[in-house]
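Engineer: using only what follows, build the 3D model:
(2 chains)
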Amino acid sequence: MIEVRHPDIDWAALAPVLVLLGTAVWVLLVGVFLPRGARRVFSAFFAAAGFVAAGIVSGILFGLDEEASTLVRDSLARDRLAELGQILVAGAGLLSVGVSYWESRGPRGDDPRVPADDHRERVVEWYVLLLTAVAGMAFFMQANSLVTLFLGLEWFSIALYVLCAISVHRIAALEAGLKYLIVGSFGSAILLFGSAFVYGGTGALTFGGIAEGAADGERLFLVAGLAMILVGLAFKISAAPFHMWTPDVYEGAPTPVTAFMSAATKIAGLVLTLRLLLIAFPEEEELWTITLAVIATISLAWGNIAALTQRSVKRLLAYSSVSHAGFLLMPIAAGNALGGRALLFYLVPYAALSIGSFAVVAARERELAADVTLDNLAGFGWERPFHALAMSVFMFGFIGLPPAGLFLGKFYVFTAVYERGWTWLVIVGVVATVVSVAYYLAVVRAMYGSSAELRVAPAGGSPPRDWPLTTTVFACLAVAVATLVVPDPLVDLARDSLAFLSFPF
Amino acid sequence: MLTTALIFVPLAGALLVWLIPWATSRAAGGFALLVALAELFLWVVALGRMNFASGGLQQATETPWFEDLGVAYKVGLYDFSLWLVGLTAFVTVAAIAYGTWAGRERPRAYFGLLLFLAGATTGVFVAQDLLVFYVFFEAMLIPLYVLIGVWGGARRSAATLKFIVYTMAGSLLMLVSVIALGLANGTFDLTELSTSGNDWIFLGFLAAFAVKAPIWPFHGWLPDAYREAPAEVSALLSGVISKTAAYGILRIVLPVFPEPVSDWRVVILVLASIGLVYGSLLAFRAPDVRGVIAYSSLGQMCLIVIGLVALTDSGLTGAVLHMVSHGLVSAGLFLLAGAIERRTATGELALLGGMARGRPRLASLLIALSVVALAVPFSVAFAGEFLILNGIFPVGWGWAVVGAAAILLAALYMLRLVSAVLHEGPGEAVSEVALDLRPAEVGIVGALAVALVALSFWPAAITDRVFGGDPARAVETGFSGGGEAMP
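Structural biologist: Now for the predicted structure:
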């Protein structure tokens, strides 16, 4: 009998990914046999259930894994950092189901941009792709070698390329998908090239091996590779100057996809960046901390200044997401344990604010059947008191004002950077925040302050009640406020997640 | 618990006003008024429980909040904060009563925001942790932004943007200082901070308070915001919100930064003196009622700052007394400005005049408040200003001369206001049919006036009951003297 040698696989570590993939396969296989009317309920329900199950499995693993371990010859990690990240992206996926439920029902008949049954045709694929994207991110965050990193990156990116273009009758969506595909592939190619350099320099692909091989490796290749990998990751988290795709793609993609991308891609990309830099490049800490500080500064400057001139709310929020990439890179640049906790803390209220604000945009979009601009937000504050109140909290929250937890997040980030001794970077963050006041408050002013003549009446009377979306907005609001009122549990989770890592500063 | 209740009763009231679908504007306003009265009642209870003889922190509560950085939710009352909390509660009652009586569009949002503002302001006055202080200091911006941005006058849009950018710039500099100071101390607990000699940290705090007070030349936002806001919001803004800045200087800047304060004292005094004279002169020239009150408010805040940085017993006591009296006076004057605007649809002095004829109540109240505002001897404002000047005299007699000159200017601009509104020939905008103040307006503004008269008879009610009787030492020791042990 031939003995096949195979690596000893710790299936439990892959359970969250497998749950998500299994759900995706189940929804895809069963969904196509269902009558059209039942597909939406079926696929949305199982997508939501899949996200909840994946979150629970990750949570159980989080409870079990006091020690970090690796599997499949060190190419995947099983540790609390990945598991916390998986819980967060599963949460983002769950919220996105709520945002997209009505969208996937198909637009109201009077939306001239889309044939009435366009979405209904693709509703199963929609949720399957969402599940696949989250599965890819879950895998990506477990990556412990450059190969699995690239695999995970492409996995969730391809799902997102298709999701962006899923409304095939909308030119803008196709354009967004194509643009994202081309620019994203460019970023991936750079990352892959950088990986090759790192391999050439150190002779290793696993993160631990790179750190070991760095001592007697070729430093030029290592540094060049590190730089290119950082560029590739910066593309994904839309940090300037690698953000060029962001406003176009965020604007063109269906709003629920934008909501999902803005939160989940950032979570996945930043969690992995933290792991990669701390495990694979501990010796180059001076180099990558200053590089990230510079990228953060550019993102803050570019994102905030560009956002000032936007009229389209989705573009405005896209630039806001660029500027928040800057805020999110600051704690990694700080390179201390406080910064690690600050990053993981910041991500949660940020994700809630981001998904929540795009959800409100989606709600307005549906009742207007037109792209939302600062002009046609007029009167929203009095027509939809709850959505507008939530949107105001989100906007004040993005600035860093109470009652949203991003206030503490910013404070945490600034504290970490200050502890590193980089007061200049804190000042940059502060100045960026002052500039951001103008455009975030422009949204609030547009909702409440405009005179009645400017109002665009919602087409066709009162819009349908959209309880999944409203519930999602409420959930985002609750998360945003809860992180301000009781921050400590989340901080403890963050501390536990980072216990296995050692920070250079 | 009592201190926490003082913060959260108005906040909870705000939520109820928003959530319950009140049938009429009066119902929503009436409920908000009840909440504001409950807050005032709580303050009276706190007043009763205060031990003025011992000074120090009382009614303190502490709960862990953000342990990673050593931040706790810690609140408590000092005797001087108690007076400012009282001012907040009292002026809020007046403002909400006035708003209810005047009627505002979208009453639920409006009155909820007013209560929210009251809760946040109270939070600033009782916070004993740097970050808690900062949260409430920032939280005040949100209701103010919306209140002015939605219910304000024609040029509200520019006014709110200017207001918020100015104040955010100041307070974010303070955030940097909060972080630096907290990390240097290993705690954000205000009662445990050791003194710091760092000029930059000091300037960060000073920037926030200089914008909020405001001190010249950081007052760019003031005239627009005071002119465009609804009358009762202007009353709160100038009567109460500006006091948070003076309170911040008193509570944080003076005790924590003794060296920088003495190094920079001349600079602060020069800026404040310029502000005092410049504000008074602009008030004399201002073309409208609100302009006069707004610029006079700039001058008076600068005078309060002069009293604070004098760091003498008399100066500190006078500053606290003047905070309360100016709060009541300017709130009353802004409400009267609102009443005048309701009757004439304008605040332009050129279009007003002759309103005393047939309007005895308006005339009496305006003259009464103006007389206090110009600090006529035996008024509470006079007591406050006298103490401040007496306190700054040992520091340098020149500052006292500037201050005395400003009192003269105050007489000029207040009398100009009175004469331009009430006397002279009837203005174009003043109708023949005399509409005097309604009983409700008389009651609301009258209550403020009565409080001022009472304090004029008995300023010692406050001056004997601040800083545990020993102001300069209290500031020097960081207010740690006396008080109750923490539970």
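Engineer: please count neighbours and contacts with C-alpha atoms only from this point.
Structural biologist: OK.
Engineer: I figured B:Arg465 hits B:Phe52, correct?
Structural biologist: Yes. Counting by CA atoms under 8 Å, B:Arg465 touches B:Phe52, with 5.6 Å between them.
Engineer: ok, residue 32 - how many residues close by?
Structural biologist: In the absence of a named chain, chain A is used. Residues lying near A:Val32 (other CA atoms under 10 Å in any protein chain shown) number 14.
Engineer: switch to chain B, please.
Structural biologist: Residues near B:Ala32, counting by other CA under 10 Å: 30.
Engineer: now it: how far from B:Leu115?
Structural biologist: Using CA to CA, to the nearest Å, we find B:Ala32 at a distance of 7 Å from B:Leu115.
Engineer: mutual contacts of these two, please.
Structural biologist: Counting by CA atoms under 8 Å, 6 or more residues apart in numbering or on different chains, the shared contacts of B:Ala32 and B:Leu115 are B:13-14.
Engineer: what mean pLDDT does stretch B:96-116 have?
Structural biologist: Mean pLDDT, computed over stretch B:96-116, is 88.
Engineer: which helix or strand contains the residue in the stretch 201-350 of chain A that chain B sits nearest to?
Structural biologist: Sorted by distance to chain B under CA to the nearest CA, the residues of the stretch 201-350 of chain A start with A:Leu338, at 8.6 Å. Counting by DSSP states H and E, the element that carries A:Leu338 is helix A:337-368.
Engineer: tell me what the next helix or strand along the chain from that helix is packed against?
Structural biologist: The first helix or strand that comes after helix A:337-368 along the chain, using DSSP H and E, is helix A:380-383. Under the contact definition 3 or more CA pairs under 8 Å, 6 or more residues apart in numbering or on different chains; DSSP states H and E, helix A:380-383 sits against helix A:385-399, helix A:423-448.
Engineer: mutual contacts of B:Arg465 and B:Phe52, please.
Structural biologist: Jointly contacting B:Arg465 and B:Phe52 under the rule CA under 8 Å, 6+ apart are B:Asp79.
Engineer: B:Leu409 - nearest residue in space that isn't next to it in sequence?
Structural biologist: Excluding its sequence neighbours, the residue lying closest to B:Leu409 (CA to CA, 6 or more residues apart in numbering or on different chains) is B:Ser280, at 6.0 Å.
Engineer: ok, that neighbour - contacts?
Structural biologist: B:295-296, B:299, B:406, B:409-410, B:413.
Engineer: before we move on, what about A:Ala138?
Structural biologist: By CA under 8 Å, 6+ apart, A:Ala138 lies in contact with A:16-17, A:82, A:85-86, A:89, A:268.
Engineer: go again with 10 Å.
Structural biologist: Taking CA atoms under 10 Å, 6 or more residues apart in numbering or on different chains, we find A:Ala138 in contact with A:14, A:16-18, A:20, A:54, A:58, A:82-90, A:132, A:152, A:156, A:268.
Engineer: what's the answer for A:Ala416, then?
Structural biologist: So A:Ala416 contacts A:330-343, A:410, A:422, A:426, B:179 (CA under 10 Å, 6+ apart).
Engineer: what helix or strand does it sit in?
Structural biologist: helix A:406-420.
Engineer: relative to helix A:385-399, how tilted is that helix?
Structural biologist: Interaxial angle of helix A:406-420 relative to helix A:385-399 (axes from the mean of the first three to the mean of the last three CA atoms, to 10 degrees): 10 degrees.
Engineer: give me the distance between helix A:406-420 and the centre of its chain.
Structural biologist: Centroid separation between helix A:406-420 and its chain, computed with CA atoms, centre = their mean, to the nearest Å, is 20 Å.
Engineer: just the C-alpha atoms of that helix, please, in PDB.
Structural biologist: The C-alpha coordinates for helix A:406-420 follow below in PDB (Å, rounded to 0.1, in the frame of the first residue of the first chain):
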ATOM      1  CA  LEU A 406     -14.200  56.800  17.300                       C
ATOM      2  CA  PHE A 407     -13.600  59.700  19.700                       C
ATOM      3  CA  LEU A 408     -11.800  57.200  22.000                       C
ATOM      4  CA  GLY A 409     -10.200  55.600  19.000                       C
ATOM      5  CA  LYS A 410      -8.600  58.800  17.900                       C
ATOM      6  CA  PHE A 411      -7.500  59.600  21.400                       C
ATOM      7  CA  TYR A 412      -6.000  56.100  21.600                       C
ATOM      8  CA  VAL A 413      -4.200  56.400  18.300                       C
ATOM      9  CA  PHE A 414      -2.800  59.800  19.100                       C
ATOM     10  CA  THR A 415      -1.700  58.500  22.500                       C
ATOM     11  CA  ALA A 416       0.200  55.600  20.900                       C
ATOM     12  CA  VAL A 417       1.900  57.900  18.400                       C
ATOM     13  CA  TYR A 418       2.700  60.400  21.100                       C
ATOM     14  CA  GLU A 419       4.300  57.700  23.200                       C
ATOM     15  CA  ARG A 420       6.500  56.800  20.300                       C
END
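Engineer: nearest residue to the residue in the stretch 251-400 of chain B that chain A sits nearest to other than its sequence neighbours?
Structural biologist: Ranked by CA to the nearest CA, the top residue of the stretch 251-400 of chain B for proximity to chain A is B:Ile252, at 19.2 Å. In this structure, B:Ile252 finds its nearest non-sequential neighbour in B:Leu190, 7.7 Å apart by CA to CA, 6+ apart.
Engineer: for the chain, what are the low-confidence residue spans?
Structural biologist: I went with chain A, as the question did not name one. A:1, A:104-121, A:449-464 (pLDDT under 70).
Engineer: that answer is for a different chain, and I need it for chain B
Structural biologist: In chain B (pLDDT under 70), the answer is B:481-487.
Engineer: could you point out the longest strand in it?
Structural biologist: strand B:58-66 (DSSP state E).
Engineer: okay, now the sheet partners of that strand, with direction.
Structural biologist: Looking at strand B:58-66 with DSSP bridges, its partner strands are strand B:71-77 (antiparallel).
Engineer: need the next SSE after the strand it pairs with, C-terminal direction.
Structural biologist: With DSSP H and E, the next secondary element past strand B:71-77 is helix B:79-102.
Engineer: got the angle for that next one vs strand B:71-77?
Structural biologist: Using the same axes, to 10 degrees: helix B:79-102 against strand B:71-77 is 80 degrees.
Engineer: correct me, but A:His243 touches A:Phe235?
Structural biologist: Yes. Applying CA atoms under 10 Å, one finds A:His243 in contact with A:Phe235, separated by 6.2 Å.
Engineer: strands of chain A, start to end?
Structural biologist: According to DSSP E, the strands that chain A contains are A:69-71, A:76-78.
Engineer: hey, which of these is tucked in deepest?
Structural biologist: For the strands of chain A, the largest average neighbour count (mean count of other CA atoms under 10 Å in any protein chain shown) is found in strand A:76-78, namely a mean of 24.
Engineer: how about B:Ala23, secondary structure?
Structural biologist: coil (DSSP: H, G, I helix; E, B strand; the rest coil).
Engineer: around it, how many other residues sit close by?
Structural biologist: For B:Ala23, the neighbour count with other CA under 10 Å is 9.
Engineer: equivalent analysis for the one 10 residues further on, please.
Structural biologist: Counted with other CA under 10 Å, the burial measure for B:Leu33 works out to 25 neighbours.
Engineer: what do you get for A:Leu316?
Structural biologist: Residues near A:Leu316, counting by other CA under 10 Å, number 26.
Engineer: quick check, A:Thr258 in contact with A:Ser354.
Structural biologist: Yes. Using CA under 10 Å, A:Thr258 makes contact with A:Ser354 at a distance of 9.4 Å.
Engineer: overlap in contacts, these two.
Structural biologist: With CA under 10 Å, 6+ apart, A:Thr258 and A:Ser354 have common neighbours A:264, A:317-318.
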